[in-house]
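In: Give the three-dimensional model of this entry:
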Amino acid sequence: MLQIGDLGEARRAAGQELWFYSCNVGKDADPTTYHRGQFWWAIAHGATGSCYWAFGDEGGGGTSMNAYLIPGYPFSPLFLDPPHVIDGKHMEAIREGAQDYEYFVMLRARVAELDQRGVAHPAADEARELLQTGPARVVATIDRDSLSWDAPKDRGLMDRIRVRALELLARLGELSDFVPEGLLGRLAEPAGAEPLAALPANLWIDLSFHEYESSLVVATKLFRTDRLLFGTHAPLFYPRSNVLKIVNSEAPADVKAAVTEANARALLGVPA
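Out: The predicted structure is shown next:
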């Protein structure tokens, strides 16, 4: 198993970039643990680069289509048959690894943004845990023996952790960027809690993107009722669906009347 060592970690902490480079095996290695796995080492240790020897080295000549005639060792993750360049499982594994890496970069950035804004949410807590434990679970399965194609391994582990990262990104993306710091914590307060009163005079809340029948009730816990405006997000969404979400909401009738008509009249200066 790879050991970064105190020197490498100290240099990274001092601001130097850490990259990983592999050059000891090529097509003989299992693409999952060798090519894709190196990106998970990068995720786990905060590296910013991943390199391999070598895209153009297919044993010193010949064609990948007949490995028996290649004079040297086939390192390239591509299949080279001049003038053709053909991808395969090795190159696909590199592509998948790069996407794995980007998911975790995005997740780490989103969590840092929410932390800076002081937003507390269960999904953010779960994301922090995944950032620590997910890559560690993967790299713990990668050692010299696992580089062999026929070595027993869980080939779905990277996919499962990557999918979980994507799910958390989607959930964290639902935490609106314009919500003031600490406001989302009001969702955990009991029903009837005093909604936020200190809104800027020119800030109104458009409900065109509210997702569920319960969304209106949630909105009244977060914002003053007289600042909520009905919307449909037409033509992208079917307008009638948002009407039904208001009609079927458990919000009181006076709240529904304010959101669907009275508040808009007040904003636009249209008499009843």
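
In: gap between His45 and Ile246?
Out: Distance, His45 to Ile246, by C-beta to C-beta, to the nearest Å: 50 Å. C-beta here means a position set from N, CA and C on the backbone, and glycine is covered the same way.

In: nope, Ala234 is what I was after
Out: Relative to Ile246, Ala234 is positioned 15 Å away (C-beta to C-beta).

In: same check, this time on Phe55
Out: 57 Å.

In: quick one: which of the two has more around it?
Out: A count of neighbours by other C-beta atoms under 10 Å puts Ile246 above the other of Phe55 and Ile246, at 18 against 15.

In: Tell me where the model's unsure across the stretch 151-272 of the chain.
Out: 176-201, 211-212 (pLDDT under 70).

In: if you set the cut-off to 90 instead, what comes out?
Out: Low-confidence segments of the stretch 151-272 of the chain (pLDDT under 90): 169-227, 229-252, 266-267, 269, 271-272.

In: now swap in the stretch 1-150 of the chain and tell me
Out: In the stretch 1-150 of the chain, residues with pLDDT under 90: 1-28, 45-47, 52-76, 78-84, 86-88, 113-123, 144, 149.

In: which stretches of it form helices?
Out: Counting by DSSP state H, counting those that start in this stretch, the stretch 1-150 of the chain has helices at residues 5-13, 37-45, 89-117, 122-139.

In: The stretch 151-272 of the chain now?
Out: 157-173, 215-222, 239-247, 253-257, 263-268.

In: most packed of these?
Out: When the helices of the stretch 151-272 of the chain are scored by mean count of other C-beta atoms under 10 Å, the highest mean neighbour count falls to helix 215-222 (a mean of 18).

In: Report the distance from it to the chain centre.
Out: 27 Å (C-alpha atoms, centre = their mean, to the nearest Å).
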